[in-house]
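K.L.:
sharing a model prediction with you, sequence too.
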Amino acid sequence: MLDSNVEITRLLARAVETGLIEKDDEIYCANRIIALIGAPEYKKAEIARPDTADVQEILDNLLEIAFANGKLESNTPVYRDLLDTEIMAVLTPFPSTVRRKFALEYEKSPQAATEWYYAFSKATNYIRVARIEKDLRWKYQSEFGELDVTINCSKPEKDPVAIAALLKQKSVSYPACPLCAENEGYTGRLDHAARGSHRVLPITLGGEDWLMQYSPYSYYNEHCIALNGNHQPMKISKATFEKLIDFVDLFPHYFIGSNADLPIVGGSILTHDHFQGGRYVFPMEKAASERTFKVKGYDNVTCARIAWPASVIRLDSPDRESLLELAGEILSAWRGYSDPDAGIFAETDGVPHNTISPIARRRGELYELDLALRNNITSEEHPLGVFHPHAELHHIKKETIGLIELMGLAVLPARLVGELAAVKHYLLEDPEGFYGDEKLQLHRDWYDTLRKRTDITPETIDRIIDDEVGEIFTDCLRAAGVYKRTPEGLAAFDRFIEFVQNR
């Protein structure tokens with residue numbers, strides 16, 4: 001039987017150990033927590049030290065106690081997340097305290113500051129480490145180098161109880177979106193994540209007030225988000241490039257990039273201007289230059305077309321101003337560029353299609369800017385996007401190819417965990433049984449191809465399926481490329497480069 005005294009004592013001990021609170025804060029915090037979980041009192045318990053349990057295990061125990069005491073309306077995911085975040089909010093320092101500590105660490109080095117902030121965000125359970133560890137991850141050796149493949153199992157599943165309750169809940173428009181500054185400390189509701197333990201850091205980019213935070217469901221190491229202090233739409237411009245370079249000046253050990261600013265190619269939140277960055281080397285960063293070129297007036301900027309399935313121009317220079325000027329020229333050129341022979345149209349019926357996903361990083365004294373050319377045009381054959389994963393790939397990946405995936409890290413849907421396991425089972429144990437499983441028929445063409453392989457055994461099947469999925473993701477990246485990796489496609493890419501050179 002769970003003992004609230006033991007669980008609270010364990011949680012407080014971890015909070016002291018990780019620096020969230022001091023020992024003098026224990027009674028105060030305990031009293032706040034017993035009110036949340038409906039316990040009548042608190043008496044410090046004797047516990048083993050060190051307590052090696054994950055913080056989520058302790059919180060899960062407290063949630064069970066709260067449910068038994070009538071303090072948890074429904075013992076389902078959304079309600080549990082709202083309450084366990086409120087418990088951790090009791091232990092999370094005020095924003096002013098966090099910002100002072102970050103500034104002190106930054107005086108040591110930018111790296112020391114981000115390492116402290118990342119550890120802090122995990123200690124508060126804002127970064128849901130226990131859930132992130134559920135994600136499946138592997139590497140795939142493609143013709144473009146080693147790609148990262150993940151199946152995203154960390155985000156909570158839909159809560160039918162919460163969905164039903166939402167029908168009775170009055171519509172609320174605060175905060176305006178999940179990225180807004182007003183999320184800091186927000187209690188949350190059934191249709192908006194709790195952010196009681198969330199703390200953001202003010203930074204200045206392009207002379208504007210921006211904020212920095214980490215993603216609660218990190219896809220890679222120190223996955224951070226920089227967001228405009230005001231709720232305003234995404235817009236890619238030369239000013240965007242300036243902000244990205246300002247960010248890598250502040251944090252030279254991080255990369256930073258932006259989704260594009262148009263639907264289909266623009267990621268998930270176009271209503272709030274934001275970037276994604278972190279301390280991670282993506283596969284695209286390792287891509288080799290396959291053709292270098294110069295643009296008149298920018299002799300101190302090295303330009304390259306890189307060997308990557310998406311269509312990317314890379315700029316390197318020790319001179320940030322020259323780099324930014326040329327990046328602005330390329331953006332302006334691409335916005336208005338059409339090449340009907342390559343299927344590229346800048347606009348149709350007054351609707352713009354061309355934009356760029358930029359990624360900035362430092363390489364020693366050099367500034368580096370990758371400019372991924374994007375186009376969101378649709379057609380009758382490809383209603384989700386001509387430069388989007390096509391229908392034959394949807395059994396694995398139907399969602400948008402955003403910034404993270406563009407750089408070579410696949411984020412695949414959680415449904416694949418069960419579906420791939422079933423495909424393996426049928427291949428090994430019951431090849432004909434697959435055709436009676438209605439849920440798997442979206443994989444039918446792929447399965448028919450797999451059945452023809454003669455190298456599938458219990459020892460090889462995991463590697464074979466992993467490689468197959470990796471190659472399908474590579475095809476998704478190829479689909480996102482506005483210029484295909486064919487002689488004709490690369491010649492069309494070169495025509496655009498010549499257009500930039502001759503402007």
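P.N.:
The structure has been received and is ready for your questions.

K.L.:
residue ranges with poor pLDDT in this structure?
P.N.:
Counting by pLDDT under 70, the ranges of the chain that qualify are 50, 156-163, 166-169.

K.L.:
which strand or helix spans the residue nearest to the spatial centre of it?
P.N.:
Centroid-nearest residue in the chain: residue 219, 5.3 Å away (criterion: Cα atoms, centre = their mean). For residue 219, there is no host helix or strand (DSSP states H and E).

K.L.:
does it touch residue 411 like I think?
P.N.:
Yes - between residue 219 and residue 411 there is a contact under Cβ atoms under 8 Å: 6.0 Å. All C-beta spots, glycine's among them, are computed from the backbone N, C-alpha and C.

K.L.:
any residues in contact with both of the two?
P.N.:
150, 152, 404 (Cβ atoms under 8 Å, 6 or more residues apart in numbering).

K.L.:
so which of those are in strands?
P.N.:
Mapping those onto strands (DSSP state E) picks out residue 150.

K.L.:
what about the shared contacts of residue 219 and residue 411, which one has the most neighbours?
P.N.:
residue 404 (22 neighbours; other Cβ atoms under 10 Å).

K.L.:
measure the closest residue in space to that one that isn't next to it in sequence to residue 132 for me?
P.N.:
Excluding its sequence neighbours, the residue lying closest to residue 404 (Cβ to Cβ, 6 or more residues apart in numbering) is residue 219, at 5.7 Å. As defined by Cβ to Cβ, to the nearest Å, residue 219 lies at a distance of 9 Å from residue 132.

K.L.:
try residue 291
P.N.:
Residue 291 is 39 Å from residue 132, by Cβ to Cβ.

K.L.:
looking at the two, which one has more neighbours?
P.N.:
Taking neighbours as other Cβ under 10 Å, residue 291 and residue 132 compare with residue 132 leading, 20 against 13.

K.L.:
isn't residue 348 up against residue 377?
P.N.:
Yes - counting by Cβ under 8 Å, residue 348 does reach residue 377; the two are 6.8 Å apart.

K.L.:
tell me the contacts of residue 401?
P.N.:
Listed by Cβ under 8 Å, 6+ apart, the contact set of residue 401 reads 265, 310, 388, 389, 476, 477, 479, 480.

K.L.:
phi first, then psi, for it.
P.N.:
With angles defined as degrees, to the nearest 10, residue 401 sits at phi -90, psi 100.

K.L.:
likewise residue 148?
P.N.:
Taking degrees, to the nearest 10 as the convention, residue 148 sits at phi -100, psi 130.

K.L.:
find the nearest non-adjacent residue to it, please.
P.N.:
Closest residue to residue 148 apart from its sequence neighbours, by Cβ to Cβ, 6+ apart: residue 409 at 4.2 Å.

K.L.:
how about the one you found, what does it touch?
P.N.:
With Cβ under 8 Å, 6+ apart, residue 409 has these contacts: 147, 148, 149, 150, 219, 220, 282, 283.

K.L.:
these two touch, right, the last one and residue 149?
P.N.:
No - in this structure, residue 283 sits apart from residue 149 without contact. The criterion is Cβ under 8 Å, and the distance is 10.5 Å.

K.L.:
longest helix in this protein, please.
P.N.:
The longest helix of the chain (DSSP state H) is helix 461-480.

K.L.:
in that one, what's buried?
P.N.:
For helix 461-480, burial by neighbour count (16 or more other Cβ atoms under 10 Å) applies to 461, 464-466, 468-480.

K.L.:
same check on stretch 38-45?
P.N.:
Neighbour counts over stretch 38-45 (16+ other Cβ under 10 Å) mark 39, 42 as buried.

K.L.:
run the chain-centre distance for it.
P.N.:
Distance, stretch centre to chain centre, for stretch 38-45: 39 Å (Cα atoms, centre = their mean, to the nearest Å).

K.L.:
swap in stretch 278-293?
P.N.:
Chain-centre distance of stretch 278-293: 19 Å, with Cα atoms, centre = their mean.

K.L.:
mind listing what's buried along that stretch?
P.N.:
Applying a neighbour-count criterion of 16+ other Cβ under 10 Å, one finds 278, 279, 280, 282, 283, 284, 285, 287 buried in stretch 278-293.

K.L.:
among these, name the ones in strands.
P.N.:
Among the buried residues of stretch 278-293, the ones falling in strands (DSSP E) are residue 278.

K.L.:
okay, the buried residues of stretch 278-293 in TSV with distance to residue 301 next?
P.N.:
Shown next, in TSV, are the buried residues of stretch 278-293 (distance: Cβ to Cβ, whole Å):
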residue	distance to residue 301
278	26
279	26
280	26
282	22
283	24
284	19
285	18
287	18
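
K.L.:
which one of the buried residues of stretch 278-293 sits closest to residue 452?
P.N.:
Nearest to residue 452, judged by Cβ to Cβ, of the buried residues of stretch 278-293 is residue 283 at 29.8 Å.
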